[in-house]
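Novice: Quick one, structure for this:
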Amino acid sequence: MKRNFAKGVLGVFFLSLLVAMVPSANAADANPYGGAKVAPPAPTETILVISKGSVSKNLSMNDLKAMKSSTLVIHEPFVKRVQSFRVIPLKTLFALAGIKGADKVQTIALNDYIYTNTSDNFTTAQGYLAITRSGKAIGYDQGGPIRIIFPDKSKWAKFLDPWNWSLKMIRVG
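Specialist: Just a heads-up that it's a prediction; the model follows:
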């Protein structure tokens, strides 16, 4: 009986070692946004179209990375933690297509979610286009490759409708 007990204890010990050695997903590895991993776009692939009337600008990630940008650290409301983004002011992007003031701007996501408001409201809310997070590409499964965000002090920091993820188009509609 002692021999069976000793075998049982050793078996449990080795099983616990095996479990400890097998990689497992932990909270840090889990995607807080949900969704399956999707390959990123090619650096020269058009990922954003900005248009007003006959003016249309097609932008790739290379184009966006070449634009003047800054770093914005915010408390990201969807994952409820502080994150750092490389951003371009929406005002800068609006200027590429001549979008101004009272123009009704539609932001359209890959899933066809549309948010509409005036150019003035986006700019007074200090809207930004996020092009990287923590120095890395933002995966499609995490609201990327580009998305609209607002600083913590913005009037839209907690108004989540304009936080358009996986953005594909900005147009005057």
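Novice: quick one: the nearest residue to residue 91 once chain neighbours are set aside from residue 129, how far?
Specialist: If the residues on either side of it in the chain are set aside, residue 91 comes closest to residue 123, at 4.7 Å by Cβ to Cβ, 6 or more residues apart in numbering. The C-beta positions use only the backbone N, C-alpha and C, and glycine is treated the same way. Remark: distance between residue 123 and residue 129 (Cβ to Cβ, to the nearest Å) = 12 Å.
Novice: part of a helix, is residue 122?
Specialist: Yes: secondary structure of residue 122 (DSSP: H, G, I helix; E, B strand; the rest coil): part of a helix.
Novice: i'd like the first residue to be 167 from this point on
Specialist: OK, 167 is where the count begins now, so the last one is residue 288.
Novice: Enumerate every residue touching it.
Specialist: By Cβ atoms under 8 Å, 6 or more residues apart in numbering, residue 288 lies in contact with 256, 257, 260, 271, 328.
Novice: all strands of the chain, in order?
Specialist: 212-218, 221-226, 236-242, 247-255, 270-275, 280-284, 294-299, 313-315, 333-338 (DSSP state E).
Novice: Not counting sequence-adjacent ones, nearest residue to residue 300?
Specialist: Distance criterion Cβ to Cβ, 6+ apart; nearest residue to residue 300, sequence neighbours excluded, is residue 250 at 5.5 Å.
Novice: What of residue 213?
Specialist: residue 207 (5.3 Å).
Novice: Repeat that for residue 337.
Specialist: In space, residue 337 is closest to residue 217, 4.5 Å off (Cβ to Cβ, 6+ apart).
Novice: related to what we said a few turns ago, near the residue nearest to residue 213, how many other residues are there?
Specialist: 16 (other Cβ atoms under 10 Å).
Novice: and what of the one 4 residues further on?
Specialist: Look at residue 211: counted by other Cβ under 10 Å, it has 12 neighbours.
Novice: What residues does the closest residue to it other than its chain neighbours make contact with?
Specialist: Leaving aside its chain neighbours, residue 211 sits nearest to residue 226 (5.8 Å; criterion: Cβ to Cβ, 6+ apart). If a contact means Cβ under 8 Å, 6+ apart, then residue 226 has 207, 208, 209, 210, 211, 212, 213 as its contacts.
Novice: that older thread, between residue 289 and residue 295, tell me which one has more neighbours.
Specialist: residue 295 (26 against 18).
Novice: rewinding a little: for the residue nearest to residue 337, give me the pLDDT.
Specialist: Looking at residue 217, its pLDDT reads 98.
Novice: That one - how many residues pack around it?
Specialist: 19.
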